[in-house]
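Novice: Quick one, fold the following:
(chains A and B)
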Amino acid sequence: MRHSPTQLFKHNLSLTTFQHSLLPTPAPKPLLSNNNRRASEQKCLSLLQTCDSLPKLSQIHAYLLKSGLHTNSFVLTKLSSTSSSLRSIDYAFSITFSNNPLLPPSYDAFLFNTFIRGYAHSHNSQSKAISSFSLMLENNIPPNKFTFPFVLKACAGLRDLNLGKQIHGFVSKFGFESDPYVQNTLIHMYASCGDGLEIARKVFDEMPKTEPVCWSAMIGGYVRGGRCNEAVVLFRMMLGAGVRPDEITVVSVLSACADLGALELGKWIGVYVEREGIAKTEPLCNALIDMYAKCGSIEDGANLFRVMPEKSIVSWTTMIDGLAMHGHGGEAIALFEEMKDAGVVPDDVAFVGVLSACSHAGMVEEGCRYFNLMKSEFSIVPKIEHYGCMVDLFGRAGLVERALEFIRDMPVEPNPVIWRTLVCACRVHGEIELGESISKQLIGDEPMHESNYVLLSNVYASMQRWEKKSKIRNLMGERGIRKVPGCSLIELDSQIYEFVAGDKSHPQYKEIFDMVEEMGWELRSAGYVPTTSEVLLDIDEEDKEDTLYRHSEKLAIAFALLNTKPGTPIRIVKNLRGH
DNA sequence: TTAGGGTTAG
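Specialist: Here you go, the predicted model:
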């Protein structure tokens, strides 16, 4: 080491972190002859080929030292890439950078890249990738074109925009700004860091866009950021630019369609995949099934699920969730059993699916059975989501007391999501005092979280305590907390249109409002009487009806009636689903 | 001997 690590990055790690207890004590050894050395090195490398555990690694290392071999970077790199387990990488790192006298300082970019790659690909260790990069610079090893994709991937995993910007600075400094691989990972990195989407787009706009990868990176970024409409717009632009999407682009766009409820576009993509001969891989089928299910077309999803040749745990879970989403709790559970019988081992996500299926189907005892099975038979440690499912299971079934007991007995600290789930149950099942006191607690704990106020406000509304309700709404105003407006999405000619309540932003808004009016007349003449109790507002009956008629859903329906031929199915998707 | 984008979860 020429320098000790500096505070170049906030993710900097001290080298002492990597001192490993298995590190053998170096002993001075006579050097072997060149021939013997080569033979020993060969033996070592062949041992490394079959090495799959840390103890074996340390045995090989001990052998290296015993033979007095100079563990050059090639051998060390082999050592760290032999097993992808994090502890092996840590071990290789520690023997590389310890002050072992037998180790020559023959560090090179390839060696550092190996460490950076290992850490960047392993969960929760991305900061070590950054430290390794930092160490590389401190040792005056110039990064090469392979280095930055690894480093940027680590930044993406850390979701640290400032760090990403620093790395971007090094990309420029070392002259890799126009490398397409680097540009693609720059987009991916910025698009993974919350506020970085606009910068990602800037990188995207300024690069040549002839390959699908950069389009996928940008589209995927929009999807992860919840900006699915923009993802779809970009996909159209891609087709317009004559770039042929591959199966990965398609998976991202299908995920956007699922979120937007864009069934027509989703189906069109299904046809496009067939027509263009895009590989119908297992992940692509999963994305199609998910799209069908979330767009209300569960039969299409089920048909594809039945015929797809390879089903992974993701495929099964997607289908189980789809059935549960459509209220087919029993079928979802049956499919979970079928999956187990087929020898597919359920993971934690699959259990979230089956537990929420039980919850929505009101199958309390089944849910409890699966919760216990998860722990006993599959040794899965329940996460907070699983506890949340259980609280929801009891809460929906009206067993508020049992839900509360369950929370008290949980081995983990209940988070606000758990409490909000319970408050919902309190409101629905008339446990008003409990709901009120938990909500107040929540507002105290998380004063900037919108849904805490909305929940309490709804609790008051169900008690008809209008003055308290408006106090809460005022409090939100004072604290500058905005409620995410409910909005309805509708797809027309594969374009997505959005409406919020009372929306006047659409150029056709006058015609739309007239159409809503007409719909109201027709409904009344057909004998429809609006239910006003669910409006939950302290206004007189006439205004309540008016509010009902200006609902975003109504505006979307009116818009669709105005712009489609009679008999066209109309599908509306809401942005606010679940809690 | 090392490179880029993707699917399930309240």
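Novice: Now do the end-to-end distance for stretch A:359-369.
Specialist: 12 Å (C-alpha to C-alpha, to the nearest Å).
Novice: Tell me which residues are up against that stretch.
Specialist: Among residues not part of stretch A:359-369, those counted as contacts by C-beta atoms under 8 Å, 6 or more residues apart in numbering are A:324, A:327, A:329-330, A:332-333, A:355, A:357-358, A:389-390, A:392-394, A:396-397, A:399. For glycine as for every other residue, the C-beta is placed from the backbone atoms N, C-alpha and C.
Novice: Can you select the buried ones from the residues you listed in ChimeraX?
Specialist: Selecting the buried subset of the contacts of stretch A:359-369 in ChimeraX, with 16 or more other C-beta atoms under 10 Å as the burial test, is done by:
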select /A:324,329,332,333,355,357,358,389,390,392,393,394,396,397,399
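Novice: Could you find the residue nearest the spatial middle of chain A?
Specialist: Among the residues of chain A, A:R224 comes closest to the average C-alpha position under C-alpha atoms, centre = their mean, at 6.8 Å.
Novice: got a list of what it touches?
Specialist: Taking C-beta under 8 Å, 6+ apart as the contact definition, A:R224 lies against A:A191, A:S192.
Novice: which of the contacts of stretch A:359-369 are close to DNA strand B?
Specialist: Counting by C-beta under 7 Å from any atom of the strand, A:C389, A:D392 from those sit close to DNA strand B.
Novice: For chain A, which segments are assigned as strands?
Specialist: Read by DSSP state E, chain A holds these strands, from start to end of the chain: A:487-492, A:495-500, A:572-574.
Novice: do you know which of those strands lies nearest DNA strand B?
Specialist: Evaluated with C-beta to the nearest atom of the strand, the strands of chain A place strand A:572-574 nearest to DNA strand B, the distance being 12.2 Å.
Novice: Near DNA strand B, which residues of the stretch 301-450 of chain A are found?
Specialist: Remark: the part of the stretch 301-450 of chain A in contact with DNA strand B comprises A:312-314, A:317-318, A:321, A:348-350, A:352-353, A:356, A:359, A:385, A:388-389, A:392, using C-beta under 7 Å from any atom of the strand.
Novice: now these: which count as buried?
Specialist: With burial judged by 16+ other C-beta under 10 Å, the buried subset of these is A:314, A:317-318, A:321, A:350, A:352-353, A:356, A:359, A:385, A:388-389, A:392.
Novice: Just put these in a markdown table and tack on distance to A:F115.
Specialist: As requested, these are arranged in a markdown table below (distance: C-beta to C-beta, whole Å):
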| residue | distance to A:F115 |
| --- | --- |
| A:V314 | 30 |
| A:T317 | 34 |
| A:T318 | 36 |
| A:D321 | 38 |
| A:A350 | 34 |
| A:V352 | 35 |
| A:G353 | 37 |
| A:S356 | 41 |
| A:S359 | 45 |
| A:E385 | 33 |
| A:G388 | 38 |
| A:C389 | 39 |
| A:D392 | 43 |
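Novice: give me every residue that touches A:P411.
Specialist: Contacts of A:P411 were listed using C-beta under 8 Å, 6+ apart, and none were found.
Novice: phi, psi of it?
Specialist: Recorded main-chain torsions at A:P411 are phi -80, psi -10, according to degrees, to the nearest 10.
Novice: distance of it from DNA strand B?
Specialist: When C-beta to the nearest atom of the strand, to the nearest Å is the yardstick, A:P411 and DNA strand B sit 19 Å from each other.
Novice: Then A:L161?
Specialist: Separation of A:L161 from DNA strand B (C-beta to the nearest atom of the strand) stands at 16 Å.
Novice: can you check A:S127 too?
Specialist: Noted for A:S127: a distance of 18 Å to DNA strand B, by C-beta to the nearest atom of the strand.
Novice: What of A:S172?
Specialist: Using C-beta to the nearest atom of the strand, one gets 16 Å for the distance from A:S172 to DNA strand B.
Novice: neighbours around that residue, how many?
Specialist: For A:S172, the number of neighbouring residues by other C-beta atoms under 10 Å comes to 9.
Novice: contacting residues around it?
Specialist: Contacts of A:S172 by C-beta under 8 Å, 6+ apart: none found.
Novice: and what of A:P416?
Specialist: Applying C-beta under 8 Å, 6+ apart, one finds that A:P416 lies in contact with A:L442, A:D445, A:E446, A:H449, A:N452.
Novice: So which of those residues wins on neighbours?
Specialist: Taking other C-beta under 10 Å as the neighbour criterion, A:N452 ranks highest of those with 26 neighbours.
Novice: ok, that one touching A:I443?
Specialist: Yes: contact criterion C-beta atoms under 8 Å: A:N452 and A:I443 qualify, at 4.8 Å.
Novice: Excluding chain neighbours, give the residue nearest to A:I472 in space.
Specialist: Residue nearest to A:I472 in three dimensions, not counting chain neighbours: A:S457, with 4.5 Å by C-beta to C-beta, 6 or more residues apart in numbering.
Novice: Now do the helices in the stretch 101-250 of chain A.
Specialist: Using DSSP state H, counting those that start in this stretch, the helices of the stretch 101-250 of chain A run over residues A:109-121, A:126-138, A:147-158, A:161-173, A:180-192, A:197-206, A:212-224, A:228-240, A:247-260.
Novice: In JSON lines: the ones you listed, plus mean pLDDT.
Specialist: Putting the helices of the stretch 101-250 of chain A into JSON lines (pLDDT from 0 to 100) gives the following:
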{"stretch": "helix A:109-121", "mean pLDDT": "90"}
{"stretch": "helix A:126-138", "mean pLDDT": "94"}
{"stretch": "helix A:147-158", "mean pLDDT": "96"}
{"stretch": "helix A:161-173", "mean pLDDT": "97"}
{"stretch": "helix A:180-192", "mean pLDDT": "97"}
{"stretch": "helix A:197-206", "mean pLDDT": "97"}
{"stretch": "helix A:212-224", "mean pLDDT": "97"}
{"stretch": "helix A:228-240", "mean pLDDT": "96"}
{"stretch": "helix A:247-260", "mean pLDDT": "97"}
